[in-house]
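Enquirer: Sequence below, structure please.
(one chain, ligands or ions: 3)
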Amino acid sequence: MKGLKTVYICSECEYVSPKWLGKCPKCSAWNSFVEDVEQVAPAQSSTPKRTSVIHAGESVATEFCELEAPTYIRSATGLSELDRVLGGGLVTGSAVLISGEPGIGKSTLLLQICDTLGKERRVLYVSGEESSGQLKLRAERLKVSGKNLYILTETNIENILNEAKRVKPDVIIADSVQTMYSDVISSSPGSVSNVKEVALAFIGKAKTEGISVILVGHVNKEGGIAGPKVLEHMVDAVLNFEGDKRQSYRIIRAQKNRFGSTNEIGVFEMTDTGLRQVVNPSEMLLSDRPSDTSGNCAVCTIEGSRPIVAEIQALVTQTAFPAPRRTSNGIDYNRTCLILAVLEKRLGLKFSGSDVYLNVIGGLEIDEPASDLGIAMALISSLTDKKVPDALIAIGEVGLAGEIRGVSHIEQRVREAARLGFTDALLPTHNAQSCPMIDGITIHPVKNIYDILKFLKGERKD
Ligand SMILES: Nc1ncnc2c1ncn2[C@@H]1O[C@H](COP(=O)(O)OP(=O)(O)O)[C@@H](O)[C@H]1O
Ligand SMILES: [Mg+2]
Ligand SMILES: [Zn+2]
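Expert: Ligands and ions are numbered 1, 2, ... in the order given. Predicted coordinates:
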């Protein structure tokens, strides 16, 4: 077409290149370039003029002391796990992006919350992916009554906004932004410019009319579709939907939140009647825990304001490869290597001839150093075939000299372990001194990595 030229845009940082590149020169992302078209001619006058999405037309500075702190109006979604991640419910006039791989459960979650939202608000659910018949079937399966819920299957943003004028919703759900397009953009739906234009139109609606907008964005590993990355700085909150599709557990994590903490996670289980919230994640994570085997150790990590007990599983086997394998699931790879190095150097344990596999049961991602001690215990246990007692939990950070360092929130962690029936806790000396007595649990202070060996019990007999 005349006046149009094909360009390639990095879906991570929006760097524009005239040809496709494997690696982005700006942000170093791999395979992040997607095809797009750019207008060469000056922008058409038909392009609607955009007002600021923060505050329309108020270009006068105000003295700080005269500013009033806004009070956010929040609506409960009916899922307290989601409300907590949002910072206490869906904020009126906010734009939230929910991203995740296809099939993870985004549409399911959003249709489920329509029931509670519909009690007080009008909800417009715009679907560009499913027909209204499909949505009806799903709503029946999820037992969503659909009061105050309006379904629109449409992908043209101008038509969607026109319909929104008529329906006058309090909440708009756009599923997904990648399927929608604007008349003013000449590239195909899902391209960076279309995704941005569609999102801007929705966000503008949210800010000027006080409507809560929830945008759904698919991410895929190949970066074939313009990822929700380009939207992250435009919205108020970004929630990531994580989990292994083969397993039933799902975790929602706030990656950005202008109205709350980003530390909180929400835990769900996918069932045939939809997502069920898991209020006690520790119990879920420990439910299919193996007992009386070597290579396992329980740890306690803090996610936001909640302690979560999880089980680390290690498998150390003789390698058949020239370079031994190191695989870790749910634990940072570099952290794994560091702990292995400390164990080799300080305890003289030999992992260099072995493959090492580490896993967190239940699919949780652990990124807190407080789990180091448990990881070390699991590794030693698997290497030596000595068991860690089932009722023992290990909490502490491992330093390069093999010292066990104190961690935060110790009392909360030990209480959670005690609640779940653990009877022994290995704690850094410093924490052991400050931790109060907790019924049912014996605290064992450990100063360095040598101290932990005596807590492993006997050889395996089988
Ligand atoms: N009839 C069904 N019974 C049970 N689970 C279903 C059924 N249909 C879909 N699911 C579950 O819902 C998931 C799809 O969720 P969905 O909300 O459509 O994902 P997304 O919108 O993120 O692409 C499937 O992976 C499956 O686990
Ligand atoms: Mg969907
Ligand atoms: Zn880039």
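Enquirer: Check what pLDDT residue 151 gets.
Expert: Among the per-residue scores, residue 151 holds a pLDDT of 95.
Enquirer: need the longest helix for the chain.
Expert: The residue-count maximum for a helix in the chain (DSSP state H) belongs to helix 192-209.
Enquirer: how near is residue 193 to residue 154?
Expert: Using CB to CB, to the nearest Å, residue 193 is found at 20 Å from residue 154. All C-beta spots, glycine's among them, are computed from the backbone N, C-alpha and C.
Enquirer: Which one of these two is surrounded by more residues?
Expert: residue 193 (23 against 15; other CB atoms under 10 Å).
Enquirer: now the more buried one, nearest residue through space, not along the chain?
Expert: residue 185 (5.1 Å; CB to CB, 6 or more residues apart in numbering).
Enquirer: Surely the one you found forms part of a helix?
Expert: No - remark: residue 185 does not belong to a helix; assigned using DSSP: H, G, I helix; E, B strand; the rest coil, it is coil.
Enquirer: so who does it touch?
Expert: 191, 193, 194, 197 (CB atoms under 8 Å, 6 or more residues apart in numbering).
Enquirer: Now for the last one, how many residues are close by?
Expert: Summarising burial for residue 197: neighbours were counted as other CB under 10 Å, giving 22.
Enquirer: Point out where this protein drops to low pLDDT.
Expert: By pLDDT under 70, the low-scoring segments of the chain are 1-3, 39-58, 221-228, 459-462.
Enquirer: That one against ligand 3: which residues are in contact?
Expert: 10, 12, 13, 15, 24, 26, 27, 29 (CB under 5 Å from the ion).
Enquirer: and the residue lying closest to the fifth one once chain neighbours are set aside, how many neighbours?
Expert: Using CB to CB, 6+ apart and skipping residues adjacent in sequence, the residue nearest residue 24 is residue 10, 4.4 Å away. Under the neighbour criterion other CB under 10 Å, residue 10 is assigned a count of 26.
Enquirer: Which strand runs longest in this protein?
Expert: strand 306-318 (DSSP state E).
Enquirer: correct me, but residue 109 touches residue 82?
Expert: Yes - if you go by CB atoms under 8 Å, residue 109 and residue 82 touch, sitting 7.2 Å apart.
Enquirer: list residues touching both of these two?
Expert: residue 252.
Enquirer: These two: which is more packed in?
Expert: Just comparing residue 109 and residue 82: by other CB under 10 Å the higher neighbour count belongs to residue 109, 26 against 23.
Enquirer: Look up how far residue 75 lies from that one.
Expert: Applying CB to CB to residue 109 and residue 75 gives a distance of 15 Å.
Enquirer: Residue 250 now?
Expert: 22 Å.
Enquirer: Buried residues in the longest helix of the chain, which are they?
Expert: 192-207 (16 or more other CB atoms under 10 Å).
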